[in-house]
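Novice: sequence below, structure please.
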Amino acid sequence: MAPAPASPAPARELPRFDGRRAFALLKKQVEFGPRVPGSAAHEAAAAWLKAQLAASCEKVTPHTFTIDDPYGSGKLSLTNIKASLRPQAPDRVTFAAHWDCRPRADREPGGPVDQPIPGANDGASGVAVLLALAELLHAAPPPLGVDLLLFDGEDYGRESDVQHYLIGSRRFAADYPGYRPRALILLDMVGDADLHIPMEATGLQRASDLTRTVFDRAQALGLPAFEPIPGPAVIDDHLPFLQVGIPSIDLIDLDYPEWHTLGDTPSACSPESLEQVGRLLVALVFVDFAAQR
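Specialist: Residues are numbered from 1 along each chain as shown. Presented below is the predicted three-dimensional model:
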């Protein structure tokens with residue numbers, strides 16, 4: 001049986017997502033330096049992110065917590081950031097990304113390097129789309145409640161040390177057990193200049209209706225970066241929310257040569273890729289999620 005066609009676009013024109021603005025927000029994050037927990041760049045970026053979101057969203061709620069550093073003798077202070085538009089609306093959807101940087105370049109050509117990655121695509125790209133989306137929704141209020149979640153500590157774990165990945169999203173899901181948006185869409189590595197996003201396997205299996213809605217809308221918009229084919233399963237920040245029953249998917253392109261290397265810089269990313277992702281989110285808010293109310 002073929003999937004149902006995506007809902008038609010509304011008669012009025014959708015608000016325009018600006019990929020160039022998103023790219024400027026990506027570059028600004030990279031200018032802080034690698035946003036590794038415990039660093040000065042991490043602290044400065046957190047303050048900037050909260051200020052950016054406060055200028056566009058009606059409510060900004062930092063979720064700060066401390067853990068023992070799994071690879072040292074000290075403590076790590078981590079901060080998730082939740083920003084809400086129409087915070088009193090009971091019907092809500094969530095868009096999420098991680099804002100931290102990986103502390104080590106595990107996949108640097110020639111061998112691992114004990115140096116943090118710049119995190120232009122792996123971290124800053126998803127955040128940039130959400131910051132630009134917040135500005136757009138501030139000017140054109142959404143028809144339902146929208147939460148933007150920025151997770152910390154997603155990329156802290158060493159390779160194969162799975163328990164120390166997804167630190168922020170796991171902690172958020174545990175500390176807010178009553179948080180129940182209609183859906184969560186995670187953006188991770190969405191700025192690749194050669195962007196190809198398949199259907200992440202775990203989301204496709206456990207949130208199939210949401211996956212189909214998202215990729216049907218991408219096809220209706222003519223967005224070539226979105227490929228309606230099964231992709232690999234990815235350990236990412238959508239998993240803690242799937243585990244508590246929230247339909248959640250991961251928009252991610254793992255076919256990125258600069259992944260976990262020092263080459264993950266803005267030069268490997270593009271405004272056009274960010275714009276495709278942003279256009280999709282805008283249509284989902286104003287068309288698909290609005291129609292499901």
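
Novice: residues in contact with the nearest residue to residue 58 once chain neighbours are set aside?
Specialist: Excluding the flanking residues, the one nearest residue 58 by Cβ to Cβ, 6 or more residues apart in numbering is residue 87, at 5.4 Å. Every residue, glycine included, has its C-beta placed from N, CA and C. Each residue near residue 87 by Cβ atoms under 8 Å, 6 or more residues apart in numbering is listed here: 58-59, 145.

Novice: give me the neighbour count for the closest residue to residue 113 other than its chain neighbours.
Specialist: With Cβ to Cβ, 6+ apart as the criterion, residue 113 has its nearest non-adjacent residue at 4.3 Å, and that residue is residue 105. Residue 105 has 22 neighbours, counted by other Cβ atoms under 10 Å.

Novice: surely residue 105 is in contact with residue 119?
Specialist: No - using Cβ atoms under 8 Å, residue 105 is not in contact with residue 119, being 10.7 Å away.

Novice: tell me, what's touching the two both at once?
Specialist: Joint contacts of residue 105 and residue 119 (Cβ under 8 Å, 6+ apart) do not exist.

Novice: same list, the contacts of residue 87, but as JSON lines with neighbour count and pLDDT please.
Specialist: As requested, the contacts of residue 87 are exported to JSON lines (neighbours: other Cβ atoms under 10 Å; pLDDT from 0 to 100):
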{"residue": "58", "neighbour count": "14", "pLDDT": "98"}
{"residue": "59", "neighbour count": "14", "pLDDT": "98"}
{"residue": "145", "neighbour count": "20", "pLDDT": "98"}
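
Novice: circling back to that earlier point, any idea of the pLDDT on the residue nearest to residue 113?
Specialist: Model confidence at residue 105, given as pLDDT, is 98.

Novice: for residue 185, same thing?
Specialist: 99.

Novice: what strand or helix carries it?
Specialist: In this structure, residue 185 sits in strand 184-188 according to DSSP states H and E.

Novice: for whichever helix or strand comes after that strand, which strands pair with it and how are they oriented?
Specialist: Downstream of strand 184-188, the first helix or strand assigned by DSSP H and E is strand 197-199. Using DSSP bridges, the strands paired with strand 197-199 are strand 226-230 (parallel).

Novice: quick check: next helix or strand after the strand it pairs with?
Specialist: Sequence-wise, the next helix or strand downstream of strand 226-230 (DSSP H and E) is helix 239-242.

Novice: residues in contact with that following helix?
Specialist: 166, 169-170, 172-174, 184, 202-203, 206-207, 248.

Novice: go with 6 Å
Specialist: The contact list for helix 239-242, computed with Cβ atoms under 6 Å, 6 or more residues apart in numbering, reads 169-170, 173, 184, 206, 248.
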